[in-house]
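1. Make a model of this:
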Amino acid sequence: MTRPKRASLRGGNGRRLQDKVALITGAGSGIGRETALLFAREGASVVVAEMNEEAGRKVASEIERAGGAAHFVRADVSKAADARAMVEAAEKAFGNLHVLFNNAGIFPDADGSVIETDEETFDLVIRVNLKGVFLGCKYGLPALLRAGGGSVINTASFVALMGSATSQVAYTASKGGVLAMTREIAVEFARKGIRANALCPGPVETPLLAKLFADPARKQRRLVHIPMGRLARPEEVARAALFLASDESSYVNGAAFTVDGAITAAYVTPE
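-> As a prediction, this is how the structure comes out:
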């Protein structure tokens with residue numbers, strides 16, 4: 001007996017995000033930029049949310065020059081008014097919102113040991129990295145519901161799963177919070193057509209990390225803990241985000257999706 005063919009999970013024209021609208025925060029550089037370009041190539045209309053207006057507009061223009069659809073919106077994700085406005089801009093520009101990628105984050109030089117990190121630095125990191133994801137979800141989830149469902153991707157980190165080899169208490173705390181919040185959202189909205197997953201990269205070759213690794217000795221202290229012996233490239237993390245955004249991951253929900261070169265496999269032991 002001939003088995004019926006399975007329906008394709010890809011959109012029209014074979015593109016994985018065809019007819020989808022995606023909002024990406026921190027889309028002006030690093031992981032956000034590569035994801036915005038990749039999503040557009042895969043058929044998505046992309047809302048480029050970025051605090052750096054020059055960088056954000058450049059990414060949106062790059063997408064449009066390549067024949068894609070993009071809309072830039074300046075957003076400080078730590079501010080409720082900006083978070084609300086970027087979601088409204090997505091619906092106004094493209095009619096719906098199907099993919100919400102809360103990716104924006106910071107890692108200040110002053111973030112170190114719990115003893116040494118000042119209160120202002122801690123508050124700033126939590127406000128951007130954790131509260132920013134909360135606000136993105138607070139205003140983005142209703143839009144996904146209006147669209148009939150969708151995918152939420154929140155950028156956490158491998159340090160949400162294990163202690164960092166170098167002190168970074170605010171960053172680690174913020175990413176642990178993102179992972180916990182993502183799991184709760186996944187459970188709450190699972191029967192409403194929405195999936196939520198935490199993307200947990202290892203160290204990535206981004207402008208943010210390049211600044212931190214200007215000292216070769218500091219970089220080597222990190223590399224020694226990575227079994228693959230190198231940092232991730234932004235496009236490698238973007239491809240993981242594409243999987244989570246697409247219908248190919250239709251049963252992936254509430255996951256800590258690691259893209260870390262086996263760091264956690266080497267150091268985290270099962271309970």
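
2. Quick check: next helix or strand after the helix or strand bottoming out on mean pLDDT in the chain?
-> Within the chain, confidence by mean pLDDT, DSSP states H and E is lowest for helix 207-212 among all helices and strands, at a mean of 69. Following helix 207-212 in sequence order, the next helix or strand is helix 216-223 (DSSP states H and E).

3. Going by neighbour count, which residues of the following helix or strand past that following helix are buried?
-> Once helix 216-223 ends, the next helix or strand along the chain (criterion: DSSP H and E) is helix 234-245. Within helix 234-245, the residues that count as buried by 16 or more other C-beta atoms under 10 Å are 234, 236-238, 240-242, 244-245. The way it works is simple: take the backbone N, C-alpha and C, and place the C-beta from them, glycine included.

4. Let's have those in CSV, adding pLDDT and distance to S113.
-> Below are these laid out as CSV (pLDDT from 0 to 100; distance: C-beta to C-beta, whole Å):
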residue, pLDDT, distance to S113
P234, 95, 28
E236, 97, 30
V237, 97, 27
A238, 98, 32
A240, 98, 31
A241, 98, 31
L242, 98, 36
L244, 98, 33
A245, 98, 36
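
5. can you map out the helices along the stretch 51-200 of the chain?
-> Counting by DSSP state H, counting those that start in this stretch, the stretch 51-200 of the chain has helices at residues 53-65, 80-94, 119-125, 132-146, 169-189.

6. Is it possible to get JSON lines of those that adds mean pLDDT, distance to E42 and mean neighbour count?
-> Shown next, in JSON lines, are the helices of the stretch 51-200 of the chain (pLDDT from 0 to 100; distance: least, C-beta to C-beta, whole Å; neighbours: other C-beta atoms under 10 Å):
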{"stretch": "helix 53-65", "mean pLDDT": "98", "distance to E42": "12", "mean neighbour count": "17"}
{"stretch": "helix 80-94", "mean pLDDT": "98", "distance to E42": "15", "mean neighbour count": "19"}
{"stretch": "helix 119-125", "mean pLDDT": "98", "distance to E42": "32", "mean neighbour count": "16"}
{"stretch": "helix 132-146", "mean pLDDT": "98", "distance to E42": "19", "mean neighbour count": "21"}
{"stretch": "helix 169-189", "mean pLDDT": "98", "distance to E42": "23", "mean neighbour count": "20"}
